[in-house]
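Engineer: just to be clear, the model below is a prediction. Sequence and coordinates:
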Amino acid sequence: MSSKPKSPTSEVSSSPNPSEVESFPAAPSQPKQSFLDRLPPWVATNIRSKQSRKMLFRCWLGSWAAFLVILPDRTLKTMGNAAFFGFLTSLLLPPSFPVQFFFFMISTVLVGTLLGWAIGAAGMKAALAARNKVLLQSSLQVAKETASGFANPDQVFRIEIFQGDFLDIRSSVVFGVFLAIGTFVFAIIRAYYKSLIFMSIFGTIAIDIYCAIGPLFPFHQFYLLNNVLIPVSIYTAIALVVTIFVFPQTANHAFLGTVTLLLGQLKVLLDAQEDLLAIAPGSITPEDPKISRLRAIRASMFAIYQGLTFQGKFINAEFSWGRWNGDDARRLEGPLLSVISRTNGLLSFMKYVGRNSTARDSESVETKTSQSLGMTDTFLVQQLYQHNEASERQHSLRLVDLLPQLREATHELRSAASNGLTAVSSTINFVNTTRWSLRSTADDLAEQGRRLDSAAERLRSALADFKASGRLRLLEPFEPHLGTPAPPLRALYMCYVYSASIVVVADAIIAVMETVQETTTKRKKNRLWAPKGLRQLAHAFLFEKSTEGDLRAYGENQEVKEVVPEGDGEGKYRRDPDSREPTNVLQKIMSGLHVVYRWTKTPEALFVFRYVFISIALWVPSVVKSTAHFYYVQKGLWALVMAQTTLTIYAGDQLYNYFIRLTGTFIGLIVGLLIWYVGNANSRGSVYGIAASVAVFLVPLMFCRLFAPQQYLQGTILMASTVVLIVGYSWIDGHLTVISNVGIGWPVAWKRWTLVMIGSAASFIVMLFPAKSARKAVRLGCAMTMTSLSHVYASVMSAWISGNPSSKELKSGKSTLADSLRQSLSAVALQLRDLKDTAGLARWEGSVRGHWPYDDYMRLAGIQEEMVAVFAQLASALSELDDKWRSDFLHHTKVLNPNFISDVLSVFSIVAQSLRTGEPMHTVLPQNLLDRLLYHDAAAYAIAPTLDVNMNHIQELRSLDYLFYATAVIGVLQLIELLDELHNITRNLCGEVPFKDFGQWKDVHQRAHVSTPKP
């Protein structure tokens, strides 16, 4: 028997024969699809959803009402020639949010408009003071004499104003300065504060209006924005009414609804395990539809959770009616994140099995190489592969033989866990949907409680049975071979990994169930909850750098930043290599200027400068006497707005914006013309006809606006905006006397298209000088996430070695490190999701300099996503491992060899540095970390340590702690295999410095000096 714990290191490396599929049943036939099933999922899902239909009706009603108010002549005259702005705002910001969230969102619109008004009014005041008084008096006298000969001198005077007769170069320059200041401020907001995107857009429009029309007036005209603010204020009142009285939804209700959705996703992922365990390992590939679907579900869970945490910031800022208050609901955030993180291990296991089953052909063990990983196995690794595979074949103990037994052994635990998720979801849904029930729900609530208690008891019982006896069934096929030298235990260790994953998932689900049980028993009746915690609302808007949903629909990519677990803050070790900390006032001033200088080189700064430049460039024709009248009459302002809104930080993002926005505009032209001519034919406008036409077409328009996938939202917004402008301008020109008559119907449509093309062309030209490539952003983002993952690795290894925090603290989640690790992994997962989106946009930059290796960068991001799952699995295993086991086996755990840890962190650092700088890596750097692990292990045991660890190996294998110990070790092995893949991909991307004959010499040296590694 072994005098030290049998390490799973050497067992996990060989692979089963993928041809052995006879024990796995065929997949069942697919049921017949209905009509809705043939539609895109986002359409079918929302048509079926009762909540989505309620939201659609509420938003449709609010938007239609915002349109109806412009039809009567009295309200139209009050609102003026921009009366359609309320209708436009209803499609940009529909009342689809909970009451207080919508209130704060619409407040950003109003605040942005008022801020733009303030800057514009200040500019007007300064511009009038800068005017040449003599020239102004002379111009006014000439205008008075000219108008006196007409029947309506006031109208003639107005025409002279908009013909540019009172333009003054000094005044125009001052307006230009204030336009530059205003657009600079709003560009900064747009670049750095994504949640304030509507403030930026509406503030920019406000300052554009003021600075484009203000210079035409020879006197104060501080109420220029009345025509914008009055319609928007009317819509705000309408939206608040429908939000409160038409299928109202509080943040509390939305939060619990999102929790229910998240639990449903978790259940889908858990239920899928039954089918995955029935598939032959050789048929599991990354391209498999089932794996792809589960990968998408995993990504969506992190996105849903991010939205959940953002909703939670508003949950205590409202009056709500129900059994649970905001704090009760937010107690679910921590346990749910734990379930999400731990569920990752299940998918990670299946992908690891599939990758290792297809990575190496088992037909010839003599020529075994890991060519699928892009590298050749060293002599040490080849020896290990040969030994393990030969032993497995001899004893028929391959993974393919164990999977049916694993499936059967874990069936009851998986079923109980799935049932637990169903019970929790049902209870939360009941609490959430019976807020306004007229009948007594006490009996129903008690029944829900009994079901939840029963499900919890079943899960606890199944978990206890599995820990006591169920897991031992996996050991039965190996028991006859345990007394032999070096038994083949690779398949057993892999089964242990899955078993540990399902155990920690069950523990996390129990924690969620206990939280719901405790909260449900607090109170039996609904009650009114008053708001509190208003301070966090300002924090949510002003200090949160990104949000979910509609706020990501305007072509803005989130900057990827380094994620450092708490306690390892970069400020403690990062230094400026060119200077030390400033010590006097002058040094501090110069240091601050240096920070500003460095900022000017960032993509965000370049975006801000472009934003200001294009604003000035397209504003100039409005203050040139020969073009001012044409600019005003033909609505050149909309070309300026289009140029500003299509401008983005990265070129690929902007090129995609052109495609999706121009497509949306074209569709909007068709829909807008249909709405107008169906409702009015060739007339100047029929009240009842246009009201009915808009009511009908607004349903699919609003549906697309609310539920279209993220990548299409920019197009749907432009489509909706184009419809509003065609219908709005046509109605205004037919019923209101205006100087700038755009036309009715078709003339509005083609002018809108022309202005969109002019604005897009202008922003395209500005984009080129110089272009900021999204490709480089993807590369740098991958480097940053690699660095973040290296910090996570160091933190996890430190916790394993030091025993601080303890297993109990890790499991309870009360440890600062445990919470920090969960938050860090969640942040990296979301960054990787955004990087994939950015990589998709980067393809729009074309291949001018050569083909861009899109697939390689997607593999980089995908492998790092797998790393996130492995880290979650590793941390979960450590949280379950007894502290005594951790300390007793510290010196016998190969993956904790300090030299090996140094090698792993070195590779992390080198790969990240190569991606960051684009420099090639040297070919002598370790390309196979398993080889380094075996080398360090052989060196360590050349001098045998004397340690008092004398446990029987069979007893070790039967121990529950060994299950988690093996899982932790194999987690590190999975990690280094993924790191080797990242290393190889980066070599292919950045190149490598050659060292002639080094590989052959290394192989000869190992054959001569290193014996076959110990299994």
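Structural biologist: Arrived safely.
Engineer: not counting its neighbours along the chain, what's nearest I70?
Structural biologist: Ranked by CB to CB, 6 or more residues apart in numbering and with sequence neighbours excluded, the top spatial neighbour of I70 is A83, at 4.4 Å. Quick note: C-beta positions are derived from backbone N, CA and C, even for glycine.
Engineer: now do the SS call for W321.
Structural biologist: Using DSSP: H, G, I helix; E, B strand; the rest coil, the structure places W321 in strand.
Engineer: for it, give the beta-bridge partners.
Structural biologist: In this structure, W321 has beta-bridge partners L528, where bridges are defined by DSSP bridges.
Engineer: ok, it - how many residues close by?
Structural biologist: Counted with other CB atoms under 10 Å, residues neighbouring W321 total 14.
Engineer: how about V699?
Structural biologist: V699, neighbours per other CB under 10 Å, totals 13.
Engineer: which residues sit against the helix or strand containing it?
Structural biologist: Secondary-structure assignment from DSSP states H and E places V699 in helix 687-707. Around helix 687-707, the neighbours that count as contacts under CB atoms under 8 Å, 6 or more residues apart in numbering are 42-43, 46, 52, 55-56, 59-60, 63-64, 67-68, 71, 91, 94, 96, 671, 674-676, 678-681, 712-713, 716-717, 719-720, 723, 727, 731.
Engineer: among these, which ones are buried?
Structural biologist: Judged by neighbour count, with 16 or more other CB atoms under 10 Å as the criterion, the buried members of the contacts of helix 687-707 are 46, 52, 55-56, 59-60, 63-64, 67-68, 71, 91, 94, 96, 671, 675-676, 679-680, 712-713, 716-717, 719-720, 723, 727, 731.
Engineer: quick one: contacts for L674?
Structural biologist: By CB under 8 Å, 6+ apart, L674 lies in contact with F697.
Engineer: so which of the buried ones among the contacts of helix 687-707 belong to helices?
Structural biologist: 46, 52, 55-56, 59-60, 63-64, 67-68, 91, 671, 675-676, 679-680, 713, 716-717, 719-720, 723, 727, 731 (DSSP state H).
Engineer: correct me if wrong: V907 contacts L925.
Structural biologist: Yes. The pair V907 / L925 is scored as a contact, 7.3 Å apart, by CB atoms under 8 Å.
Engineer: the more surrounded of the two?
Structural biologist: When V907 and L925 are compared on other CB under 10 Å, the one with more neighbours turns out to be V907, at 24 against 17.
Engineer: any idea how far the more buried one lies from S499?
Structural biologist: With distances defined as CB to CB, to the nearest Å, the gap from V907 to S499 amounts to 30 Å.
Engineer: let me know the helix or strand that Y631 is in.
Structural biologist: Assigning secondary structure by DSSP H and E places Y631 in helix 625-633.
Engineer: pull out the buried residues from stretch 823-839.
Structural biologist: By neighbour count with 16+ other CB under 10 Å, stretch 823-839 contains the buried residues 824-839.
Engineer: check stretch 217-235 too.
Structural biologist: 217-218, 224-225, 227-235.
Engineer: which outside residues touch that stretch?
Structural biologist: Applying CB under 8 Å, 6+ apart, the contact partners of stretch 217-235 are 62, 66, 69-70, 78-87, 89-90, 109-110, 113-114, 116-117, 120-121, 124-125, 128, 131, 136, 139-140, 161, 166, 202, 205-206, 209-210, 213-214.
Engineer: on that earlier part again, what average pLDDT does the helix holding V699 get?
Structural biologist: Model confidence over helix 687-707, given as mean pLDDT, is 94.
Engineer: ok, stretch 474-482 next?
Structural biologist: Stretch 474-482 shows a mean pLDDT of 76.
Engineer: ends of it, what's the gap?
Structural biologist: As for stretch 474-482, its first-to-last residue distance stands at 13 Å under the measure CA to CA, to the nearest Å.
Engineer: how far is it from where the chain is centred?
Structural biologist: On the basis of CA atoms, centre = their mean, to the nearest Å, stretch 474-482 is displaced by 45 Å from the centre of the chain it belongs to.
Engineer: so which bits of that stretch are buried?
Structural biologist: Across stretch 474-482, burial judged by 16+ other CB under 10 Å covers 474-475, 477-478, 481.
Engineer: quick one: the strands in this structure?
Structural biologist: Taking DSSP state E as the test, the strands found in the chain are 320-322, 527-529, 921-922, 992-993.
Engineer: mean neighbour count, those: which tops it?
Structural biologist: With neighbours defined by mean count of other CB atoms under 10 Å, none of those is more surrounded on average than strand 320-322, at a mean of 21.
Engineer: helices or strands next to that one in the packing?
Structural biologist: Strand 320-322 makes packing contacts with helix 251-276, strand 527-529 when contacts are defined by 3 or more CB pairs under 8 Å, 6 or more residues apart in numbering; DSSP states H and E.
Engineer: tell me which of the ones you listed sits nearest to S763.
Structural biologist: Proximity to S763, assessed across the helices and strands packed on strand 320-322 by CB to CB, is greatest for helix 251-276 (35.9 Å).
Engineer: which helices and strands sit right next to the closest one?
Structural biologist: On the basis of 3+ CB pairs under 8 Å, 6+ apart, helix 251-276 makes packing contacts with helix 99-130, helix 289-312, strand 320-322, helix 326-330, helix 333-359, helix 399-433.
Engineer: any idea how far the last one is from the chain center?
Structural biologist: Looking back up the chat, that one is helix 399-433. Here the centre of helix 399-433 is set off from its chain's centre by 28 Å, with CA atoms, centre = their mean.
Engineer: give me the buried positions along it.
Structural biologist: Using 16+ other CB under 10 Å as the test for burial, helix 399-433 gives 399-403, 406-407, 409-410, 412-432.
Engineer: ditto for the second one
Structural biologist: Using 16+ other CB under 10 Å as the burial criterion, the residues of helix 289-312 that qualify are 291, 294-295, 297-299, 301-312.
Engineer: show me the shaky parts of the stretch 551-700 of the chain.
Structural biologist: 551-574 (pLDDT under 70).
Engineer: pLDDT below threshold where in the stretch 801-950 of the chain?
Structural biologist: Low-confidence regions of the stretch 801-950 of the chain, defined here as pLDDT under 70, cover residues 804-817, 848, 937-950.
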